[in-house]
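A.B. asks: Just need the structure, nothing else, for what follows:
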Amino acid sequence: MSLEGATSQQRRGKRIAMSPEEVDAFLLDARTCRVSTVGADGAPHTSALWFVWDGTALWLNSVVRSQRWTDLARDPRVSVLIDAGHDFGELHGVELTGRVEVVGEVPRTGDPAAADLLTTPEKLFGDKYANGKFFYDGGHAWLKLVPERVVSWDFRKMRRG
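C.D. replies: I've put the predicted structure just below:
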């Protein structure tokens with residue numbers, strides 16, 4: 001994992017923080033995140049979304065006619081939460097915060113001009129969610145988050161000693 005420039009603010013203590021390798025493995029495996037944006041009235045808006053992680057950035061394939069897209073077009077600040085676990089002692093997760101940038105065409109239709117920019121996230125997305133093939137539907141576009149801040153926790157570490 002290369003999070004150069006990202007700060008780590010462990011509110012829950014370094015003892016249960018994930019290592020960079022653990023964060024990488026977790027983000028590569030997890031499928032659903034919760035994306036929080038700032039609405040026009042200042043209220044938070046949170047929605048679930050599939051994502052891919054390339055080792056440096058989180059890529060979100062978002063519907064362009066959504067509240068999330070509208071919020072981020074106005075204010076690119078975002079907080080993304082990815083977590084897992086059922087019982088308290090199993091809870092683990094990562095919070096990434098920063099500013100998203102739009103990459104490629106809006107909406108994405110497969111224009112070859114954007115192909116170089118999107119080869120990696122579209123391959124990762126196709127492999128993770130669609131049996132190796134990424135589909136363009138004309139209703140989604142790519143958002144890229146290079147985290148400015150990363151917070152992680154793994155309550156399973158409390159049981160290990």
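
A.B. asks: if you count residues, which strand in the chain comes out on top?
C.D. replies: Counting residues, the longest strand found in the chain (DSSP state E) is strand 92-103.

A.B. asks: in the protein, which ranges drop under the pLDDT threshold?
C.D. replies: Within the chain, the segments meeting pLDDT under 70 span 1-12, 160-161.

A.B. asks: Residue nearest the middle of it, spatially speaking?
C.D. replies: What sits nearest the mean C-alpha location of the chain, by C-alpha atoms, centre = their mean, is Leu58, with 4.1 Å.

A.B. asks: Phi and psi next, for that residue.
C.D. replies: phi -100, psi 130 (degrees, to the nearest 10).

A.B. asks: thinking again about what came up before, now do the buried residues in the longest strand of the chain.
C.D. replies: Within strand 92-103, the residues scored as buried using 16 or more other C-beta atoms under 10 Å are His92, Gly93, Val94, Glu95, Leu96, Thr97, Gly98, Val100, Val102, Val103. (C-beta placed from N, C-alpha, C; glycine too.)

A.B. asks: Please enumerate the strands of the protein.
C.D. replies: Under DSSP E, the chain gives strands at 7-8, 32-38, 44-53, 58-63, 77-84, 92-103, 140-145, 149-154.

A.B. asks: The longest one: partners in the sheet, and parallel or antiparallel?
C.D. replies: Taking DSSP bridges as the criterion, strand 92-103 forms sheet pairs with strand 77-84 (antiparallel), strand 140-145 (antiparallel), strand 149-154 (antiparallel).

A.B. asks: So which residues make contact with the second one?
C.D. replies: If I follow you right, that is strand 140-145. Outside strand 140-145, the residues within contact range by C-beta atoms under 8 Å, 6 or more residues apart in numbering are 57-64, 69, 72, 78, 80, 96, 98-108, 118, 121.
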